[in-house]
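Asks: what's the 3D shape of this:
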Amino acid sequence: MNELLQNLIKLQSLEFEESTKKTAAPAIAELRAKIPPQILGHYERLVARGKKGLAAVRDQVCTACHMRVPIGVITTLMRNDDIQLCDSCGRYLYLSEATAPVVPEMTTKTVRAKKPRKAKGTLQLV
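Replies: The predicted model follows:
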């Protein structure tokens with residue numbers, strides 16, 4: 001799946017660059033041949049409406065519609081198991097390079113046992 005997303009990202013970058021659009025026609029045709037027709041059809045429907053077909057996920061948020069992406073979708077993207085669509089805008093999602101799995105560091109603290117305190121105002125048996 002990673003190769004498929006990489007091809008989609010390259011295709012989108014070539015199609016939305018106006019300066020190299022005429023010279024990149026062979027590369028665009030080659031990339032389109034590598035992408036399955038169902039995925040390419042969904043991508044083209046978005047492009048036909050003037051939208052980009054892919055959106056990066058940064059900080060668990062789709063960068064196209066700015067809606068929070070469920071953690072299950074993010075973990076699927078991290079494992080490269082399947083391609084995912086944004087539930088809100090319908091774009092194909094990918095993890096940006098800036099997004100890396102952040103694992104909080106575990107710090108070990110020495111915890112001292114507290115001495116039991118005598119309650120005030122209570123009688124103690126001797």
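
Asks: flag the shaky bits of the protein, pLDDT-wise.
Replies: 1, 18-22, 98-126 (pLDDT under 70).

Asks: for the lengthiest helix in it, packing partners?
Replies: Secondary structure assigned by DSSP state H gives helix 2-15 as the longest helix of the chain. Of the remaining helices and strands, those touching helix 2-15 by 3 or more CB pairs under 8 Å, 6 or more residues apart in numbering; DSSP states H and E are helix 25-34, helix 37-48, strand 54-58, strand 92-95. The way it works is simple: take the backbone N, C-alpha and C, and place the C-beta from them, glycine included.

Asks: same thing but at 6 Å, please
Replies: With contacts defined as 3 or more CB pairs under 6 Å, 6 or more residues apart in numbering; DSSP states H and E, helix 2-15 has these neighbours: helix 25-34.

Asks: now the helix it packs on against helix 37-48, angle please.
Replies: Between the axes of helix 25-34 and helix 37-48, defined by axes from the mean of the first three to the mean of the last three CA atoms, to 10 degrees, the angle is 130 degrees.

Asks: so what touches helix 25-34?
Replies: By CB atoms under 6 Å, 6 or more residues apart in numbering, the residues outside helix 25-34 that reach it are 7, 10-11, 14.

Asks: so it versus helix 2-15, what angle?
Replies: Note on geometry: by the same axes, to 10 degrees, helix 25-34 and helix 2-15 are set 150 degrees apart in direction.

Asks: so which bits of helix 25-34 are buried?
Replies: Taking 16 or more other CB atoms under 10 Å as the neighbour-count basis, helix 25-34 is seen to contain the buried residues L31.

Asks: report the distance from that helix to the chain centre.
Replies: Helix 25-34 has its C-alpha centroid displaced from the chain centroid by 25 Å (CA atoms, centre = their mean, to the nearest Å).
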